[in-house]
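>>> The following comprises the amino acid sequence and a computationally predicted model.
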Amino acid sequence: MIELKKCPFCGSEAEVFEDITFECETGKQIGKIKVFAWCTNCSALVSGDSKAEATEAWNRRAGDGT
């Protein structure tokens, strides 16, 4: 798995997690799984449809050609 870069805003560690949208009253799943990469300090956040996509989005930096 590709390692997450440090947060571009505060320099802290980042983590990847998955989340699903549920209906509050019934608990029925109403959305597909989304994967997020987020900063554990300042809560900067990006999303993707897979861990690889979220990691790639998180690691993308302005001016690095990706």
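Alright, I've got the coordinates. Numbers count the residues shown, from 1 in each chain.
>>> which parts of stretch 54-66 are buried?
For stretch 54-66, the neighbour count (16 or more other Cβ atoms under 10 Å) marks 54-55, 58-59 as buried. From N, CA and C alone the C-beta is placed, and that goes for glycine too.
>>> now swap in stretch 7-18 and tell me
7, 14, 16.
>>> Do a quick rundown of the helices in this protein.
51-59 (DSSP state H).
>>> low-confidence ranges in it?
Along the chain, the model assigns pLDDT under 70 to residues 1, 65-66.
>>> Apply 90 and report the result again.
Scanning the chain for pLDDT under 90 picks out the ranges 1-2, 19-34, 62-66.
>>> how about the strands in the chain?
For the chain, strands defined by DSSP state E occupy the ranges 14-19, 34-39, 45-48.
>>> what's the first one packed up against?
Counting contacts by 3 or more Cβ pairs under 8 Å, 6 or more residues apart in numbering; DSSP states H and E, strand 14-19 is packed against strand 34-39, helix 51-59.
>>> With distance to residue 25 added, can I get the strands of the chain in JSON lines?
Shown next, in JSON lines, are the strands of the chain (distance: least, Cβ to Cβ, whole Å):
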{"stretch": "strand 14-19", "distance to residue 25": "19"}
{"stretch": "strand 34-39", "distance to residue 25": "21"}
{"stretch": "strand 45-48", "distance to residue 25": "25"}
